[in-house]
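Chemist: structure here, sequence nowhere to be found:
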DNA sequence: TGCATACTTGCACTATAATGCAAGTATTAT
DNA sequence: ATAATACTTGCATTATAGTGCAAGTATGCA
């Protein structure tokens, strides 16, 4: 569920932050969906931070999020058509300091831990696990 | 003269403000260059405001600016290649409240006042003229 | 029923960005 | 020289946005 009418600036605002650009870029490049803990293990940022950025991206109309049990899967929205054009731009960006290739590498490794195509585990990265673990 | 190495977020940051998006969109649609007073008369915003936003756009690597006498002409930069992709996205955006069509209409009218393809006059809009006039 | 856990959010704080005024610079015209 | 003018910028103010902690919600499991 995403809102249809969005301020056009909000679309670019969604990409105007390093963390959000990393999230979007990862999803543009892989074309895959991801849950929060997979993103935490890929970007190595705390879950509350990513959760909030995901909300901003969603409110800008770029992301749809679906709850599946305890997990929430996020995927890029492809309409209206200018979004596909936007993603093409994102795909064309340089990766000067190799942030994105690192994110991508960790994400692909993390995908291997899925069972039946779904994440069945929580945050694996020691640094960002919740205390209870 | 524009810097080559720019933070990728800065590119989107440049479009993440209403005034800057109006400037960029106008130049994307027309493909033309424009001096500050032409932009003031097109967007109906004060010159100091536009001047500062132009600086931000320039620093993001999207704009090159050349002084010609008292006038400074601004035009969009086309390289690296992802910028063309970005402009295609801008061109595809909706114009829900018809801000851009209004800007464009005023800009086209303002272009008619050029002599020899160059602006020879200052701000025409009464509201934004400098006091001395 | 109670606990673990995947995710979200209220709050306080800090950092960044936009705005308006007024003064400044650089260039041309007289 | 002096004045006009196209544009820029320092400064103070306000508005917006990002961050981290800690508490909260919702779901599944024992």
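Modeler: Sure, I can see it. Quick caveat: nothing in here was measured; it's all calculated off a predicted structure.
Chemist: at the contact with DNA strand D, which residues of chain A appear?
Modeler: Taking C-beta under 7 Å from any atom of the strand as the criterion, the neighbours of DNA strand D within chain A are A:13, A:16-17, A:19-20, A:46, A:48-49, A:52-53, A:56, A:67, A:69-70. For glycine as for every other residue, the C-beta is placed from the backbone atoms N, C-alpha and C.
Chemist: just the buried ones from those, in ChimeraX syntax?
Modeler: The buried subset of the residues of chain A next to DNA strand D, as determined by 16 or more other C-beta atoms under 10 Å in any protein chain shown, is captured in ChimeraX by this line:
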select /A:13,16,17,19,20,53,56
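Chemist: would you check which pair of the residues of chain A next to DNA strand D lies furthest apart?
Modeler: Largest separation among the residues of chain A next to DNA strand D by C-beta to C-beta: A:16 and A:69, giving 32.9 Å.
Chemist: pick out the residue closest to the middle of chain A.
Modeler: Per C-alpha atoms, centre = their mean, the C-alpha nearest to the average position across chain A is that of residue A:23, at 3.7 Å.
Chemist: contacting residues around residue A:72?
Modeler: Shown in contact with residue A:72 (C-beta atoms under 8 Å, 6 or more residues apart in numbering or on different chains): A:35-36, A:65-66.
Chemist: if you set the cut-off to 6 Å instead, what comes out?
Modeler: A:35, A:65 (C-beta atoms under 6 Å, 6 or more residues apart in numbering or on different chains).
Chemist: so it sits in a strand?
Modeler: Yes. Applying DSSP: H, G, I helix; E, B strand; the rest coil, one finds residue A:72 inside a strand.
Chemist: what values do phi and psi take at the closest residue to DNA strand C within chain A?
Modeler: Closest to DNA strand C within chain A is residue A:122: 1.5 Å, counting by C-beta to the nearest atom of the strand. Per-residue torsions, residue A:122: phi -100, psi -160 (degrees, to the nearest 10).
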